[in-house]
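> Fold the following, please.
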Amino acid sequence: MKKITIAIDGYSSCGKSTMAKDLAKEIGYVYVDTGAMYRSVALYALRHQLFEADGAVKTEELQKEMKNISISFKFNETTGRPDCYLNGELVEKEIRSLEVSNHVSPIAAVPFVREALVEQQQKMGEDKGIVMDGRDIGTTVFPNAELKIFVTASSQVRAQRRFDELKEKGYDKLKTYGVGKDLSYKEWKEYLYQMLQLGYIEIDYMSAGHLKVTPLGRKVLFGEQQALMTIYQKIKDFALPTKKGGYKYRPIRPIESTSVDETLLDPLQQLRKQIAEREHTPAYILFSDDALEDMVRKKPVTLDEFSEIRGVGQLKLDKYGKVFVALIRFVLRLPKKE
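Sure, this is the predicted structure:
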């Protein structure tokens with residue numbers, strides 16, 4: 001039977017890796033864990049001191065080392081799963097460590113790392129007979145794959161899978177495990193907004209909108225700097241007199257300490273920077289500062305409104321409109337547009 005390439009994409013914590021591994025085992029194909037490849041590069045960078053003290057990647061030094069990084073997979077008959085090898089060394093356990101997990105996001109964001117690993121992945125697929133899962137597998141890595149699968153799951157299922165995965169890795173043994181469990185959803189939401197505005201975390205718009213810790217946030221995380229945040233307090237009620245002589249209770253709405261314009265400009269700049277780095281394009285070519293300021297003033301929440309922004313033609317509207325509109329709606333706390 002003719003062998004084919006199977007590409008599996010999907011949202012995080014949907015079980016696409018489990019599906020890919022089981023499928024490959026069942027039909028006798030080679031499974032390639034693309035996430036393990038990025039983790040292997042992160043492990044190599046850690047071993048060769050290619051991170052700054054604040055967690056940033058020493059990109060120039062890493063780029064010189066990329067030619068020395070070779071990643072392969074071998075089937076483990078005992079576990080029934082493929083193991084990852086870095087330059088011939090079995091590193092399956094090491095790449096799943098907490099230290100590597102904390103450093104893999106900045107590695108995956110480096111354009112030349114992505115290019116190098118995509119090239120390796122495509123070479124692995126030349127002989128067919130492989131199952132590969134990961135982001136952009138069916139669009140960037142194997143756009144012509146004979147079989148493409150996109151996996152989805154409810155938010156409850158995804159959350160439970162991630163929780164079980166973290167417990168399996170022993171995260172529940174950390175002294176910080178469970179900290180904040182007494183906080184409500186609304187309290188966590190308010191604190192996350194504060195951390196975003198203070199620069200402790202940021203939204204990785206080029207990685208499905210995941211939150212990631214910034215270099216400043218790492219200093220707070222490791223006790224090098226103190227976080228200054230406003231304590232959330234539940235909205236209290238107060239009584240207003242009515243026309244009939246009675247009193248009607250209404251909630252006191254909190255006063256926003258930062259203007260919407262100030263809140264919006266920073267994430268717009270972050271998104272422009274992330275796209276520019278990924279496309280190897282100067283940020284000002286993507287969107288000028290005047291264009292960003294126009295977005296702040298007009299606050300476009302539809303594609304039609306975004307088309308009115310200074311410097312936005314049909315090409316930029318088609319290519320970047322959806323992601324910028326989605327970001328503006330998020331900052332303005334509007335519901336997602338279907």
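
> how about the residue most central in space within the chain, what does it touch?
Geometric centre of the chain, nearest residue: His210, 3.2 Å, by Cα atoms, centre = their mean. His210 is in contact with 12, 105, 203-204, counting by Cβ atoms under 8 Å, 6 or more residues apart in numbering. Backbone N, C-alpha and C define where each C-beta goes, glycine included.

> for Gln225, same thing?
216, 219.

> The one 3 residues further on too?
Under the criterion of Cβ under 8 Å, 6+ apart, the contact partners of Leu228 comprise Leu198.

> Distance check, it against Leu192.
16 Å (Cβ to Cβ, to the nearest Å).

> List phi and psi for the nearest residue to Ile4 once chain neighbours are set aside.
By the measure of Cβ to Cβ, 6 or more residues apart in numbering, the closest residue to Ile4 outside its immediate chain neighbours is Glu146, 3.8 Å from it. Main-chain dihedrals, Glu146, degrees, to the nearest 10: phi -70, psi -30.

> Glu146: neighbouring residues, count only.
Glu146 has 12 neighbours, counted by other Cβ atoms under 10 Å.

> ok, now the one 3 residues further on?
Taking other Cβ under 10 Å as the criterion, the count of residues near Ile149 is 18.

> Next, the contact list for the nearest residue to it once chain neighbours are set aside, please.
Once flanking residues are discounted, Ile149 sits nearest to Ile8: 4.7 Å by Cβ to Cβ, 6+ apart. Residues near Ile8 by Cβ under 8 Å, 6+ apart: 16, 19-20, 23, 131-134, 137-138, 148-151.

> Which one of those residues is nearest to Ala283?
Among the contacts of Ile8, Gly134 lies closest to Ala283 (Cβ to Cβ), at 27.2 Å.

> From Pro282, how far off is the closest one?
29 Å.

> and those two? which has more neighbours close in?
Gly134 (24 against 8).

> Look up how far Ile8 lies from the more buried one.
According to Cβ to Cβ, Gly134 and Ile8 sit 8 Å apart.

> what residues does the longest helix along the chain touch?
In the chain, assigned by DSSP state H, the helix with the most residues is helix 260-279. Applying Cβ under 8 Å, 6+ apart, the contact partners of helix 260-279 are 109, 111, 114, 196-197, 202-206, 281-283, 285-287, 292-293, 295-297, 299, 320, 323-324, 327-328, 331-332.

> Buried ones only from those residues, please, as a PyMOL command.
Buried members of the contacts of helix 260-279, defined by 16 or more other Cβ atoms under 10 Å, are picked up in PyMOL with:
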select buried, resi 109+114+196+197+202+203+204+205+206+283+286+287+292+295+296+299+320+324+327+328+331
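
> Quick one: residues contacting Thr34.
The neighbours of Thr34, taking Cβ under 8 Å, 6+ apart as the test, are 117, 121, 132-135, 137, 141.

> sorry, back to before: redo the contacts of His210 as TSV? Include secondary structure, distance to Glu60 and pLDDT.
Shown next, in TSV, are the contacts of His210 (DSSP: H, G, I helix; E, B strand; the rest coil; distance: Cβ to Cβ, whole Å; pLDDT from 0 to 100):
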residue	secondary structure	distance to Glu60	pLDDT
Ser12	coil	31	78
Ser105	helix	19	82
Ile203	strand	27	76
Asp204	strand	22	70
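
> quick check, nearest of the residues you listed to Leu43?
The closest of those to Leu43 turns out to be Ser105 (Cβ to Cβ; 13.9 Å).

> Can you tell me, leaving aside adjacent residues, what's nearest to the closest one?
Counting by Cβ to Cβ, 6+ apart, Ser105 lies nearest to Lys212, which is 4.9 Å off, once chain neighbours are set aside.

> which element follows the host helix or strand of the one you found toward the C-terminus?
Lys212 belongs to strand 210-213 when elements are defined using DSSP states H and E. Moving toward the C-terminus from strand 210-213, the next helix or strand (DSSP H and E) is helix 215-221.

> how about that following helix: buried residues?
Result for helix 215-221 [16+ other Cβ under 10 Å]: buried residues 216-220.

> May I see the residues you listed organised as a markdown table, with pLDDT and distance to Ser307 added?
Listed next are the buried residues of helix 215-221 as a markdown table, based on pLDDT from 0 to 100; distance: Cβ to Cβ, whole Å:
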| residue | pLDDT | distance to Ser307 |
| --- | --- | --- |
| Leu216 | 84 | 35 |
| Gly217 | 86 | 36 |
| Arg218 | 83 | 39 |
| Lys219 | 85 | 41 |
| Val220 | 86 | 40 |
